[in-house]
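>>> 3D model of this:
(2 chains)
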Amino acid sequence: MAAPTTLGENLRAQGVSRRGFLKLCAATASMLALPPSMVPRIAHALEATRRPSVIWLSFQECTGCTESLTRSQAPTLDELILDLISLDYHHTLQAAAGEAAELARHQAMEANPGQYLVIVDGSIPGPDANPGFSTIAGHSNYDILMETVANAAAVIAVGSCAAFGGLPAADPNPTGARSVMDLVADKPVVNISGCPPIPMVITGVLVHFLTFGRLPELDEYRRPMAFYGQSIHDRCYRRPFYDRGLFANTFEDEGARKGWCLFRLGCKGPTTYNACATAHWNAGTSWPIQSGHPCLGCSEPSFWDGGGFYEPLSVPTTATATTLLAAAAAGAVVGGATTARAKKQTRNLVAERQPVTVEELEKKL
Amino acid sequence: MSELDRIPVVAEQARDDTQCSPLGLPASVNPILQEIRYALERLIANGEEHRIDLSALPCGPADLERLTELLGTGEVQARVEALGPTLIQETAVPGVWFVDYQDAPARRLVRHIEIALVPQMLRPQPQDLEAAITLLDARCEQETSGSPPQSREA
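Residues are numbered from 1 along each chain as shown, chains lettered A, B, ... in the order given. From the prediction side, this is the model:
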């Protein structure tokens, strides 16, 4: 018997009923901020879709983004990995290690040229930085990133480190950390910022790609509008208190006890764009402001350098000139290379890549 | 100068929409009720169904509780077991249903208000219905041949 090739066939083979599938699509439409009337279209598209190969690269990161993904409830990680995508490489989750792991990545790249997705978490020491700051199997993060994205369909930068540099790039940025979009110029890049990002946003972008065959509409920082289109402040259930001038001034006062606006306690909600207010965290249990804590603005560029977390908002967060230029140059869908040429390119890149040497480390330290 | 006095000026009372509607409901609940009302008109007029995703609305738990209380509880309750439970509750308003989609550990995925004669999850899905006669025939044939009928394939 031939192996199931489409998601619909795969689900049928696993005994998932169409009602169950309809439920999955209803949850998907909700997280993509699509009207419930889109549910039948999503169901139809996902039924016929083929599972894309996904390569997940982890660079200068804390694994919080993977932790976030493993707590996604719609779909669950198991469903995501087994049903929606073919996760062919992921340091933390894969069973293989060492050369076998790297071989899996190369095989996925060669088998799916121009079609596989690359997910990156963590920032990358740039081409001018000491390559020894972060390596995998002796090779620099920069070399591995450029080699892997060369024949990718698109790149998804997960977390604020991959999207904007994050904590590693915070002043004084000792490792010369750069974001993915600073380095990848010729591929579509989607930023799913947040520290960590909301798990449903990660899976939502993947589901959107599978449903519509293209990446979702993006904002000026290449973040999907469905999740980053409105500020925390605009979607906050405490907003009426802001409008009426009712604020908590300390974490113990009457305003805090009554659930008033946290603006004066440093809430960055007015300048932060994310879906926390509607998607919530921990299986929909709550979110920071509902728990009585101001928003830190973790999904915005340079939030680590944006001033004290508990200082009232005075200066809007802004992007660096590099970021803005890169965002303005957001590319269209990948086109291009033929399969044969792509495979050859991948092999050449792998063959030409050299491990970081001791001389290089000493020279640039 | 005296002409200005003849211009009728009425000072309107400032409304505080952020607090409560005239019905005493939270401000976020009122638009939902208006949407339900409009959807009911279309359902009655031409059978058009409508769904509202409550998870996507900026409502606090108290707002949703108030909305649930206002719509009341109807006669029909249903539970669909498919990738976890889906709980369906008719409200006291005919044609208005709460549909609570949950995952296998019974955590809420999304909650809809559905304005329909029968919620979509309760109806057979079109592809399943197309296979219904074939399935019935197969079960009858198995019964005739003496072998136990197999459970319905998804």
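
>>> Distance of the residue nearest the centre of chain B relative to chain A?
For chain B, the residue nearest the mean C-alpha position is residue B:113 (1.8 Å; CA atoms, centre = their mean). Distance of residue B:113 to chain A, computed by CB to the nearest CB, to the nearest Å: 10 Å. (Each C-beta comes from the backbone N, C-alpha and C, glycine too.)

>>> Which strands or helices does the helix or strand hosting that residue pack on?
Residue B:113 belongs to strand B:108-115 when assigned by DSSP states H and E. Packing partners of strand B:108-115 (3 or more CB pairs under 8 Å, 6 or more residues apart in numbering or on different chains; DSSP states H and E): helix A:18-31, helix B:29-46, strand B:50-53, strand B:96-102.

>>> anything in the first one near chain B?
To tie it back to what came earlier, the one meant is helix A:18-31. Yes - Helix A:18-31 lies within reach of chain B by CB under 8 Å from any CB of the partner chain, at A:18-24, A:26-27, A:29-30.

>>> Most widely separated two among those?
A:18 and A:30 (18.6 Å; CB to CB).

>>> If you count surrounding residues, which of those two has more?
Legend: neighbour count by other CB atoms under 10 Å in any protein chain shown for residue A:18 and residue A:30, higher for residue A:30 (26 against 20).

>>> that older thread, wait, isn't the residue nearest to the centre of chain B in contact with residue B:51?
Yes - in this structure, residue B:113 is within contact of residue B:51 by CB atoms under 8 Å, at 7.1 Å.

>>> ok, and what's touching the worst-scoring helix or strand of chain B on mean pLDDT?
Sorting the helices and strands of chain B by mean pLDDT, DSSP states H and E puts helix B:126-130 at the bottom, at a mean of 84. Helix B:126-130 is contacted from outside by residue A:18, using CB atoms under 8 Å, 6 or more residues apart in numbering or on different chains.

>>> After it, heading C-terminal, what element do we hit next?
helix B:132-145.

>>> Please enumerate the helices of the stretch 251-365 of chain A.
A:254-257, A:276-279, A:321-328, A:339-352, A:358-364 (DSSP state H, counting those that start in this stretch).

>>> Would you single out the least confident of the ones you listed?
Mean pLDDT per stretch puts helix A:321-328 lowest among the helices of the stretch 251-365 of chain A, at a mean of 40.

>>> Which strand residues bridge residue A:118?
In this entry, residue A:118 is beta-bridged to residue A:55, residue A:155, by DSSP bridges.

>>> what's the neighbour count on it?
Count around residue A:118 with other CB under 10 Å applied: 28.

>>> What residues does chain A have near chain B?
A:11-12, A:15-24, A:26-27, A:29-30, A:33, A:35-37, A:39, A:73-74, A:76, A:234-237, A:239-240, A:243-244, A:277-278, A:283-284, A:290.

>>> Any regions of chain A where pLDDT drops low?
Counting by pLDDT under 70, chain A has low-confidence residues at A:1-5, A:71-83, A:314-347, A:349-350, A:353, A:360-365.

>>> Might you enumerate the residues of chain B proximal to chain A?
B:16, B:18-19, B:27-28, B:51-53, B:55-60, B:63, B:80, B:82-84, B:86, B:101, B:103, B:107-110, B:112, B:120-121, B:125, B:127-128, B:153-154.

>>> how about a cut-off of 6 Å?
Within chain B, the positions adjacent to chain A are B:18, B:51, B:53, B:55-56, B:58, B:60, B:80, B:82-83, B:101, B:103, B:107-110, B:121, B:125, B:128, B:154 by CB under 6 Å from any CB of the partner chain.

>>> And these, which of them are buried?
Among these, those classed as buried by 16 or more other CB atoms under 10 Å in any protein chain shown are B:51, B:53, B:55-56, B:58, B:60, B:80, B:82-83, B:101, B:103, B:108-110, B:121, B:128, B:154.

>>> just to revisit the earlier point, the closest residue to the residue nearest to the centre of chain B other than its chain neighbours: neighbour count?
In this structure, residue B:113 finds its nearest non-sequential neighbour in residue B:52, 4.4 Å apart by CB to CB, 6 or more residues apart in numbering or on different chains. The local packing of residue B:52 (other CB under 10 Å) involves 18 other residues.

>>> Relative to residue B:115, how far out is residue B:52?
Residue B:52 is 8 Å from residue B:115, where distance means CB to CB, to the nearest Å.

>>> ok, now residue A:159?
40 Å.

>>> more crowded one of the two?
The residue with more neighbours, out of residue A:159 and residue B:115, is residue A:159; 32 against 25, by other CB under 10 Å.

>>> got a list of what that one touches?
Contacts for residue A:159 (CB atoms under 6 Å, 6 or more residues apart in numbering or on different chains) come out as A:65, A:121, A:196-197.

>>> Mind doing that once more with 7 Å?
Contact analysis of residue A:159 by CB atoms under 7 Å, 6 or more residues apart in numbering or on different chains lists A:61, A:65, A:121, A:166, A:194-197.
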